[in-house]
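[1] sequence and predicted structure, then a few things I'm wondering about:
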Number of protein chains: 2
Amino acid sequence: MALPQALENYRKQYRKIKIFQDISSVLHWDSEVMMPVEGREYRSSQIAAVAELTHEWMTDKSFLEQIQSAKLSVKDLPESERPMWNRELEILMEEKEKADKLPSEFVADFAKLTNLAHAEWAEAKKEKNFKLFSKRLEELVNLSKKQADYFGYTTEPYDALLDSYEKGAKANQIQSLFSDLKNSLIPIVSKAPHFESPFKNPISIAKQTKFCNRLPAILGLTTKESRLDISNHPFSTSLGKGDKRITTRYSESDPLSSIFGVLHETGHSLYESGLSKMPDWPNPLTEYLSLGIHESQSRLWENQVGRSLPFWEFMYPILLNDFEMSEKELPFQQLYQYINSTEKSKIRVEADQVTYNLHIILRFEIERDLINGKIQVNELPEIWNSKMKESFGMTIENDAEGVLQDIHWSMGAFGYFPTYTLGNIFSAQFYKKFTEEYPNSHNKFSANGDFSDLLNWLRKNIHSKGKILKIENLVQEATGESANAKYLISYLEEKVKEVSISN
Amino acid sequence: MALPQALENYRKQYRKIKIFQDISSVLHWDSEVMMPVEGREYRSSQIAAVAELTHEWMTDKSFLEQIQSAKLSVKDLPESERPMWNRELEILMEEKEKADKLPSEFVADFAKLTNLAHAEWAEAKKEKNFKLFSKRLEELVNLSKKQADYFGYTTEPYDALLDSYEKGAKANQIQSLFSDLKNSLIPIVSKAPHFESPFKNPISIAKQTKFCNRLPAILGLTTKESRLDISNHPFSTSLGKGDKRITTRYSESDPLSSIFGVLHETGHSLYESGLSKMPDWPNPLTEYLSLGIHESQSRLWENQVGRSLPFWEFMYPILLNDFEMSEKELPFQQLYQYINSTEKSKIRVEADQVTYNLHIILRFEIERDLINGKIQVNELPEIWNSKMKESFGMTIENDAEGVLQDIHWSMGAFGYFPTYTLGNIFSAQFYKKFTEEYPNSHNKFSANGDFSDLLNWLRKNIHSKGKILKIENLVQEATGESANAKYLISYLEEKVKEVSISN
């Protein structure tokens, strides 16, 4: 049956907006990976022009009218098809209303401020001096509070910002989830063993590239629909159907950095690839559900798979071959222990899977108080440093290794950090459920490098759901219970036990 | 002094259109160089969406009104500034009127037809069977005749098509230019010596890449504003200010293929780079003047510079080093002769600089008669083959090495071919004038690889002129006389003499 005209019309306009948003992704990817340095200024104006255009279309009265006509047309469809259409139009209206709530001068001010702030933050970090950035950060915090007011909230301003990254999430619930996690993590960290790197000599980038190039296809992401390149910071992006891009960075002294970069970004791109395979792509239901769910997909392949024994049983001979090393030079046990080594560090992006979430919880607690007005910008370094002492027992020597280390606040991205730990929590819960349903899958991993059971499970339970379900319902339907940190805790406990015993 | 508001407004709208045209160049470049194969379909819809949008803006009534207001505002400017503004608005109106002359259904039909034709041409070429393509080609010729009617002409339909690639060019004038050239070329070809390749063993792509990566910077195009990649067919494109992209392809058995690809494409990008440096970029005056002028820039660096003795005196030790060869393995004289070797061939893209223009003249004569209705599509193979016999004394065995070899007609690009030979004619004329003005520049080439005199001459006389002058005036101002094939002829005669003597 043909769709009612109003639904066709609305979908056509939606697709047009989506096509230009994806064009923007092409421009961004190229900026980070390919563009010569003198192209930066003009590229900014290209990206700004596309953003202006899509924002114009999104907030245009005629688009609202198209959506409203589409809503009315849903009743002309067979009853069975109505709920999905209603959900699709409801999600879009939520996003549209959120966009409409911000006056366009505010959007422009915010863009201008974050653009200025980026360079100033980088300079302050280089100079290891928070004071050089504190005034600008204050403006960003004030503008973010204003943003929270525009969006509106019931309990606390921070909820309004959190909602942009993790729809429906509330700071109170996250606080209780994170408290449990923190209490359990501290004893695990104290027991988790540290192992020295077995790589005594540099591994050439050519050798690492050879190995890294194999990884996406082994997990299920082929070169027909993706490519792997180099950038300053690893990332993954979707440029549209059949075109996922991942990047990593190479360190000759630490080959795990590039490998785990690729595993992580492949996880993100497998999710996007699954979303693109949903029927009627693109529409508002075929987009990623939340940053936490996105991160669960990258973490699952990076940690639950990428740091597991079956994975390395399969990859080890391939690694030896590509790195041109003998078993004697790189004994399996030393490699595997190093992959699962724990070490307290001051820097989040260098943290291992055991300590990582403590870094996130610290940031969540601070930024929540900041946005809710309980602490002020000038108190940040002191609060940061005392919390580092409390959680890690570490003394921060300067702001660059402390409060200035992350880019997020300079981008005005308050409420983003918790999604990293939510991703870790979800990933452990999803993976546990998968292994219950496929108890023999590990044999296929180690014997044949066959990860299709896992990919199919994720496609079925997560990827093909897009935005059809709310986050809590997705977790419930996939795992039979609500989001819960206990699977992450038991995963880490078992991991620590496993590598300690093998010592 | 601030510009009158109407001029500001018009320029703003022009820039917006230009920004999106350049975004389309990013999408095209990425398609050819980076994109995974499954991205093709969605990328087509991205490119089509941008084309639709810019065409809409360009032909929009409100843009016409902006241009008209701008025209009226020119009188408010100081008298000295008026001529440039009038020229700018005149050029734009010419282009706009040309776009307006084609009904949008015609544009859509043409796009659809060429899209179909591309695959069918490729198939017919593969099958070496013109009949598989002749019906579609007939449609393309008919549509192109219709296009000529829409554009309008005074003498013959072919002029209307030619004008899109080489503004103001007339088939009659080209005919007389090409006749002189053809008459002179035939005896040169008969005397031009052929030399065997001195590369007896394959040269790895890594070694070739090392050498090729040096070339753009030596000519004056640095990695700050450009990058070099690989594609099926070498090309050059501008993605905007400070961002020029060039590509080449590598053959292990013929390392000259990649080297001359890079030299050629660098020439194109140096022109675009110069245009981007014009004041008030972008505006209609800062665009390339014609395809013939564009080609003159690539040919000049490829042939007049790239096949010259001073160039190779400088590059030879670098080549030996990068290719890891000794003087004994690759004697200078053998290399230099091979670089300037002549051989009659059936395929245009494999032709050397001496025989190349005969290929073009053949195509010009045929397509002119075709569009003017003097010959029919079904006669093409016979006419092609007899002309190949006449010009080259060669017998065509099948359509793939004959009439089907080039892509242009399947793209509906009638009138494009002559610009290649115009480019060769211009390049020799420009280079001759340059050497008269800088008689000692060759010493700087060979001693230091310093090509700045030449680049500065081109910047001053060609690049910085954009579309300010008409083609004939540009040639006149730069060289002191009108376009003339005699410099190309004497360049080739001297070259043949030089390499014959050194034998």
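    Looks like it came in fine. Nothing here was measured: the structure is a model prediction, and the numbers come from that model. Numbering: from 1, shown residues only, chains lettered A, B, ... in the order given.
[2] in stretch A:423-436, what counts as buried?
    Of the residues in stretch A:423-436, those with enough neighbours to count as buried (16 or more other CB atoms under 10 Å in any protein chain shown) are A:G423, A:N424, A:I425, A:F426, A:S427, A:A428, A:Q429, A:F430, A:Y431, A:K432, A:K433, A:F434. Every C-beta, even on glycine, is put in place using the N, C-alpha and C of the backbone.
[3] dump the C-alpha coordinates for it into PDB.
    What follows is the C-alpha trace of stretch A:423-436 in PDB, where atoms were taken according to Å, rounded to 0.1, in the frame of the first residue of the first chain:
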ATOM      1  CA  GLY A 423      28.100   2.700  28.200                       C
ATOM      2  CA  ASN A 424      30.400   0.500  30.300                       C
ATOM      3  CA  ILE A 425      27.500  -0.500  32.500                       C
ATOM      4  CA  PHE A 426      25.300  -1.400  29.500                       C
ATOM      5  CA  SER A 427      28.100  -3.200  27.700                       C
ATOM      6  CA  ALA A 428      28.700  -5.600  30.600                       C
ATOM      7  CA  GLN A 429      25.000  -6.200  31.000                       C
ATOM      8  CA  PHE A 430      24.400  -6.900  27.300                       C
ATOM      9  CA  TYR A 431      27.500  -9.100  27.100                       C
ATOM     10  CA  LYS A 432      26.500 -11.200  30.100                       C
ATOM     11  CA  LYS A 433      23.000 -11.800  28.600                       C
ATOM     12  CA  PHE A 434      24.600 -12.700  25.200                       C
ATOM     13  CA  THR A 435      26.900 -15.300  26.800                       C
ATOM     14  CA  GLU A 436      23.900 -16.800  28.600                       C
END
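[4] who's in contact with that stretch?
    A:177, A:181, A:291-300, A:303-305, A:353, A:356-357, A:441-442, A:453-454, A:457-458, A:461-462, A:475, A:478-481, A:483-485, A:487-488, A:490-491 (CB atoms under 8 Å, 6 or more residues apart in numbering or on different chains).
[5] kindly recompute the last result at 7 Å.
    The list of residues contacting stretch A:423-436 from outside it, by CB atoms under 7 Å, 6 or more residues apart in numbering or on different chains, reads A:177, A:292-293, A:295-296, A:299-300, A:303-304, A:357, A:441, A:454, A:457, A:462, A:475, A:478-479, A:483-485, A:487-488, A:491.
[6] which of the buried residues of stretch A:423-436 fall within strands?
    When the buried residues of stretch A:423-436 are checked against strands using DSSP state E, none is located there.
[7] let's have these in a markdown table, adding pLDDT.
    What follows is these, written out as a markdown table (pLDDT from 0 to 100):
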| residue | pLDDT |
| --- | --- |
| A:G423 | 98 |
| A:N424 | 98 |
| A:I425 | 97 |
| A:F426 | 98 |
| A:S427 | 98 |
| A:A428 | 98 |
| A:Q429 | 98 |
| A:F430 | 98 |
| A:Y431 | 98 |
| A:K432 | 98 |
| A:K433 | 98 |
| A:F434 | 98 |
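[8] Throw these into JSON lines and include distance to A:K374, thanks.
    Written out in JSON lines, the entries for the buried residues of stretch A:423-436 read as follows (distance: CB to CB, whole Å):
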{"residue": "A:G423", "distance to A:K374": "26"}
{"residue": "A:N424", "distance to A:K374": "26"}
{"residue": "A:I425", "distance to A:K374": "25"}
{"residue": "A:F426", "distance to A:K374": "28"}
{"residue": "A:S427", "distance to A:K374": "31"}
{"residue": "A:A428", "distance to A:K374": "31"}
{"residue": "A:Q429", "distance to A:K374": "31"}
{"residue": "A:F430", "distance to A:K374": "34"}
{"residue": "A:Y431", "distance to A:K374": "36"}
{"residue": "A:K432", "distance to A:K374": "36"}
{"residue": "A:K433", "distance to A:K374": "38"}
{"residue": "A:F434", "distance to A:K374": "40"}
